[in-house]
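1. next come a sequence and a model predicted from it.
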Amino acid sequence: MAQKPVIGLLGGGQLGLMLCEAAGPLGTVEIAVLDAEDCPAKHAARKNGLHVTGSFKDPAKIKELAARCDVLTVEIEHVDTEILEEIATKGVEVDGKMKKVPVHPSWKTIRLIQDKYQQKEYFGQKGIPIAEQMAIKSGSERKASLHEVGQKFGFPFMLKGSKGSYDGRGNFKIRTAQDFDSVAEQMGDQPLYAEKWVTFDMELAVMVVRVEDDDGKLNRVLPYPVVETVHEDSICTKVFFPPRNTAVTEEIKIQAQKVACDVVASLWGRGVFAVEMFLKDGQILVNEVAPRPHNSGHYTIEAVHQMSQYKAQLVSILNKVPKNLDLSPTVSSAIMLNILGGAEPTSHDRLANLAEELTSKYMHVFLHQYGKESKPGRKIGHITATGSSSIGQLEERARPLITCVDEIRA
Ligand code: ATP
Ligand code: MG
Ligand code: MG
């Protein structure tokens, strides 16, 4: 039997866990995970003797991983792209020889996306619609810079950390000029930028698969269906397929998929990408991109039988995307609910019973627990409900689950 290709994965959280779950049944690929011994992904990964124990931020460990892999990928964008560039362009030493290991998506894409301000400057230059933004000066010039933004954008506006943020943790809504005093306290001295406040009607997201030929030429971009995402306190809590509001017409859905494809086509390398968008008065603005499987694509595990976002990530980076891949949903409606840790470590236990009780021929309920320690507000699992009814009916049937996850989080 031919040797299976080995994918090296930086980071072993829940996205890595679901990537390993997708790889298992394929039997055609091995995944080597770099993260702590007891990380979620290693619970689902095959015991292939290829995993590396350590931090995915440690250059020496990344090289150790690369040495045993055919391709590297990430489950998180906050990684050292200098090392990834070195591995892809100069290589790592294996048995006294240098071996180049491709990185997908490209380290160039990851580097651009890491800086949310630069990411959107780039999209803006490519003619992709984004909210107006301004870089904030640092040090003693910061206050004056904030005043300048206040004058230009008005209040409120959104202040964001350029790097390292996720789940809204780098965001600060500036309501008045009085808030400027607490900026240092809230955000420290990290690089910041400001975005005009978007009074969006709704948030949408599209997952896109990027297919690239062996010579690095873009072959095609394939979008999954458009979903509605709901964020509470800047963290994604719910995803609805299709969007609930009938104001999201077929034209808007096609437009959202087109914008998402344009965004992903402008980047480099293979993989799946999430494009988060705002919808306002029928217009789309791109909020940000994630160069990996994403929360807004969890629903594809149960709602797109031909290929989940995780399997798509695998076949894409191995350049094995089927010619006639069909990413249409195989259910009429789906709802994904994030389980965020509650006040008690056991707060979410009752969800398992509820998920079982509510499963019927009208609504299938799938519970995913990541095996992470529960902490208030931490993403520890998710539930997907699918139906053959309208999204409105499914939402009614799923109401007890929605109430339950909301209560746990509160
Ligand atoms: P993620 O976990 O998705 O990476 P993040 O920390 O990068 O999150 P953003 O995506 O920038 O944060 O913002 C989180 C949420 O905050 C958005 O989904 C949206 O609900 C709200 N938000 C962000 N930017 C704006 C804006 N300019 N105007 C209004 N609301 C915004
Ligand atoms: Mg983000
Ligand atoms: Mg976001």
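-> That came in fine, so what should we check first? Ligands and ions are numbered 1, 2, ... in the order given.
2. start to end distance for stretch 161-175?
-> Start-to-end span of stretch 161-175 (Cα to Cα, to the nearest Å) is 17 Å.
3. check which residues of the longest helix seen in the chain are buried.
-> For the chain, the longest helix by residue count, based on DSSP state H, is helix 250-265. Residues of helix 250-265 classed as buried by neighbour count (16 or more other Cβ atoms under 10 Å): 252-253, 255-257, 259-264. C-beta: built from backbone N, CA, C; applies to glycine.
4. kindly tell me how buried Pro345 is, as a neighbour count.
-> 13 (other Cβ atoms under 10 Å).
5. kindly report the same for Val289.
-> A count of neighbours around Val289, defined by other Cβ under 10 Å, yields 27.
6. which SS class is it?
-> Using DSSP: H, G, I helix; E, B strand; the rest coil, the structure places Val289 in strand.
7. tell me the confidence at it?
-> With respect to pLDDT, Val289 has a value of 98.
8. what bridges to it?
-> Beta bridges link Val289 to Val275, judged by DSSP bridges.
9. give the contact list for it.
-> By Cβ atoms under 8 Å, 6 or more residues apart in numbering, the contact set of Val289 is 113, 119, 263-264, 267, 273-276.
10. filter the residues you listed down to the ones close to ligand 3.
-> Residues of the contacts of Val289 in contact with ligand 3 (Cβ under 5 Å from the ion): Glu276.
11. need the max-distance pair from the contacts of Val289.
-> The largest separation in those, counting by Cβ to Cβ, is between Leu267 and Glu276 at 14.6 Å.
12. between those two, who's got more neighbours?
-> Leu267 (25 against 21).
13. worst-scoring helix or strand of this structure, pLDDT-wise?
-> Across the helices and strands of the chain, mean pLDDT, DSSP states H and E gives its lowest value to helix 183-187, namely a mean of 87.
14. tell me which residues in that helix are buried?
-> Across helix 183-187, burial judged by 16+ other Cβ under 10 Å covers 183, 187.
15. does any part of that helix sit near ligand 1?
-> No. Using Cβ under 6 Å from any ligand atom, helix 183-187 stays clear of ligand 1, coming no nearer than 12.6 Å.
16. wait, Gly371 sits on Pro40?
-> Yes. If you go by Cβ atoms under 8 Å, Gly371 and Pro40 touch, sitting 5.1 Å apart.
17. now do Asp281: how many residues are near it, please.
-> Asp281 is flanked by 8 other residues according to other Cβ under 10 Å.
18. ok, it - contacts?
-> Contacts of Asp281 by Cβ under 8 Å, 6+ apart are Asp201.
19. now do the one 10 residues further on
-> For Pro291, the contacting residues are 74, 77, 105, 109-110, 113, 267, 271, 273, taking Cβ under 8 Å, 6+ apart as the criterion.
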